[in-house]
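[1] Predicted model, plus sequence, below.
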Amino acid sequence: MQRTALRLVSEAPNGCDLSVKRIAEIISERVLQVAIDRVTDDEDLVRILKSYVGVSEVEHVEACYHFPCVLLHCGPSDPDFAPPPIEQFALGPVSFSAF
């Protein structure tokens, strides 16, 4: 189940936001129904598995964390020569904002 979930996540356009563990759980919960329905067509099976990604997306909750930090700028101390204050900048996926 884990390898199938990993493959589904890697193929999804928003895979970085998905949980491999949760999709594996969904597959485990629903695999018996696939067997009962005797799904043997590969296209139907792929469609069903991709629908499990959709179930995971519905449960997805975006997390946003705020934590205080201080950034110091080593520049001219005279306000006439100092650069304008920076309101926001990003380092990779982390955004820093002035409050």
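    Sure thing, it's come through. As the structure is a prediction and not an experimental result, all values here were calculated from the model.
[2] all strands in the protein, in order from the N-terminus.
    Using DSSP state E, the strands assigned to the chain run over residues 88-91, 94-97.
[3] What is the first one packed up against?
    What it means is strand 88-91. Here strand 88-91 touches strand 94-97, going by 3 or more CB pairs under 8 Å, 6 or more residues apart in numbering; DSSP states H and E. Quick note: C-beta positions are derived from backbone N, CA and C, even for glycine.
[4] Show me the contact partners of the strand it packs on.
    69, 71, 87-90 (CB atoms under 8 Å, 6 or more residues apart in numbering).
[5] Ok, stretch 14-33 next?
    Contacts for stretch 14-33 (CB under 8 Å, 6+ apart): 1-2, 4-6, 8-9, 12, 49, 52-53, 55-57, 59-60, 62.
[6] One more pass at 10 Å, please.
    Stretch 14-33 is contacted by residues 1-10, 12, 34, 39, 48-49, 51-57, 59-60, 62, 93 when judged by CB atoms under 10 Å, 6 or more residues apart in numbering.
[7] With pLDDT added, can I get the contacts of strand 94-97 in JSON lines?
    Shown next, in JSON lines, are the contacts of strand 94-97 (pLDDT from 0 to 100):
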{"residue": "C69", "pLDDT": "73"}
{"residue": "L71", "pLDDT": "67"}
{"residue": "E87", "pLDDT": "79"}
{"residue": "Q88", "pLDDT": "82"}
{"residue": "F89", "pLDDT": "82"}
{"residue": "A90", "pLDDT": "85"}
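[8] Would you point to the one among the strands of the chain that's packed deepest?
    Stretch with highest mean neighbour count among these: strand 94-97 (a mean of 10; mean count of other CB atoms under 10 Å).
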